[in-house]
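**Student:** the following comprises the amino acid sequence and a computationally predicted model.
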Amino acid sequence: MTTIKTSHAASTTNGKHMRSHSLKSLPEVQAVVITDKKKQSTYATGDTQNVLTTAKITSTWKQACDRTRDRTKQLLRRTMSWKSNTNSIPQPEVQITEDEECVNSALEVYIRATWVKRCSGKTNEKKTDYLVELSSIQEEKFIHFFKYYLDGDCDGFVFEHDFHQLFEKLRRFADWSPQCHEYIISKQVLEELVRVFFPCKEGQNVAFISLSMDDWLKTWQHYLNGCSTISNLPLWLKYLMNILFKSLDSGNGVIKRENLQRFYCTFLDSNCEESKEPMIDNVYKFLTSNGDFLLDYEVWSLCFANWLLGTKPNGSGQWLFGRCGLTSDFFPIDYSAMNSTKEMRDTYSLKRRSHRYSVIV
């Protein structure tokens, strides 16, 4: 009885309830509690990391869906660099089950496959390697220029000095000085023309290379392949179009009929058909749509593009460098049915065949 009272008195000293022996005071229990806290903190860190990784992948995927195909490659590079940076950062080891690993790998492969498919959908376009043949009217226009502007001796071959003579004649026609800005550009265009039409190997002299009619047409076929508008033309052709316009410009940005007539007399012949009054009027009507438009630079560029790319006759630029190709006449109109009487007219009937050759509409 005395022992029990003593222990009770010790436990209730100063009016406070105190335990003399707590479980945490034991060293074995303290070690177990510390280990549990470490595991809980490790699991909490791993869960936070997984949540951040999932959020990052989700936001990246939403951005990729909102972007167009042009930004897909950039997004792919950014995502791959982000993965490489995250892999270099030391992270606590997290135990991942086999099911979670399979899900993550499947999601990663799916995202990569989708991006690669979207990228390849634009780049893997079919391109035609074959050359489109020139039409008959295109060949006739190029042959006309070859004969009357380059082949002065009419032997069927053109050399480098023939191109130099053509541009020298153009300089004298436009009255350009050797220091003139237009003449300097024309010399650069001449060098490009020689390089295009006289391809020579290393150590070969371009002065001894000849250009036949077939090579002339094949070169045009190669450079005009795939061109449908003025913007598709090579740069040297655009400059050639500009130089020709400036040589014919009367000073106010418009080519007059007199300048065009003088151009034909200089390059073709003084007694050529294009320089005569009836023909020069028809040529100028072709270029200006019967006088509805001024022959300014915009109309001239359209006519020049039609001379190069026009595959059908009766185009605005068909006679740009002289008359070539036949023009199709309009179909004749029969007015005999309008001037006939009712007795002469043959009434239409489904039961019998008619012998009429004109119809009144």
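**Tutor:** Alright, I've got the coordinates.

**Student:** tally of neighbours for the nearest residue to Thr311 once chain neighbours are set aside?
**Tutor:** By the measure of Cβ to Cβ, 6 or more residues apart in numbering, the closest residue to Thr311 outside its immediate chain neighbours is Ser135, 3.9 Å from it. To be clear about C-beta, it is placed using only N, CA and C from the backbone, and glycine gets the same treatment. Each residue near Ser135 was counted by other Cβ atoms under 10 Å, and the total is 14.

**Student:** likewise Tyr297?
**Tutor:** In terms of burial, Tyr297 registers 15 neighbours under the definition other Cβ under 10 Å.

**Student:** and the strands in the protein?
**Tutor:** Assigned by DSSP state E, the chain shows strands spanning 157-158, 211-212.

**Student:** and the nearest residue to Glu133 once chain neighbours are set aside, how far from His164?
**Tutor:** Distances taken as Cβ to Cβ, 6+ apart place Gln221 nearest to Glu133, at 6.8 Å, with adjacent residues excluded. Using Cβ to Cβ, to the nearest Å, one gets 25 Å for the distance from Gln221 to His164.

**Student:** same question, Asn290
**Tutor:** Here the distance between Asn290 and His164 works out to 38 Å (Cβ to Cβ).

**Student:** Leu193 too?
**Tutor:** If you measure Leu193 against His164 using Cβ to Cβ, the figure is 10 Å.

**Student:** before we move on, back to that, can you pick out the residue with more neighbours from Asn290 and His164?
**Tutor:** His164 (13 against 8).

**Student:** so for that one, what's the pLDDT?
**Tutor:** According to the prediction, His164 has pLDDT 94.

**Student:** circling back to that earlier point, wait, the residue nearest to Glu133 touches Ser135, no?
**Tutor:** No - the pair formed by Gln221 and Ser135 falls short of the contact definition of Cβ atoms under 8 Å, at 10.6 Å.

**Student:** on that earlier part again, residues touching the residue nearest to Glu133, list them.
**Tutor:** Leu131, Val132, Glu133, Leu134 (Cβ atoms under 8 Å, 6 or more residues apart in numbering).

**Student:** likewise for Phe321?
**Tutor:** If you count contacts by Cβ under 8 Å, 6+ apart, then Phe321 has Lys141, His144, Phe145, Tyr148, Tyr149, Phe267, Trp307 around it.

**Student:** export the strands of the chain to CSV and tack on mean pLDDT, distance to Arg257 and mean neighbour count?
**Tutor:** Shown next, in CSV, are the strands of the chain (pLDDT from 0 to 100; distance: least, Cβ to Cβ, whole Å; neighbours: other Cβ atoms under 10 Å):
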stretch, mean pLDDT, distance to Arg257, mean neighbour count
strand 157-158, 92, 30, 20
strand 211-212, 93, 33, 16
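
**Student:** okay, those in TSV with distance to Phe286 next?
**Tutor:** Converted to TSV, the strands of the chain look like this (distance: least, Cβ to Cβ, whole Å):
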stretch	distance to Phe286
strand 157-158	27
strand 211-212	29
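
**Student:** which one of these lies closest to Asp281?
**Tutor:** Minimum separation from Asp281 across these (Cβ to Cβ) falls at strand 157-158, 31.8 Å.

**Student:** neighbouring strands - and their directions - for that closest one?
**Tutor:** strand 211-212 (antiparallel) (DSSP bridges).

**Student:** just the mean pLDDT for stretch 339-358, thanks.
**Tutor:** Mean per-residue pLDDT for stretch 339-358: 70.

**Student:** do stretch 321-331 as well
**Tutor:** Here stretch 321-331 scores 67 as its mean pLDDT.

**Student:** now do stretch 267-280
**Tutor:** 77.
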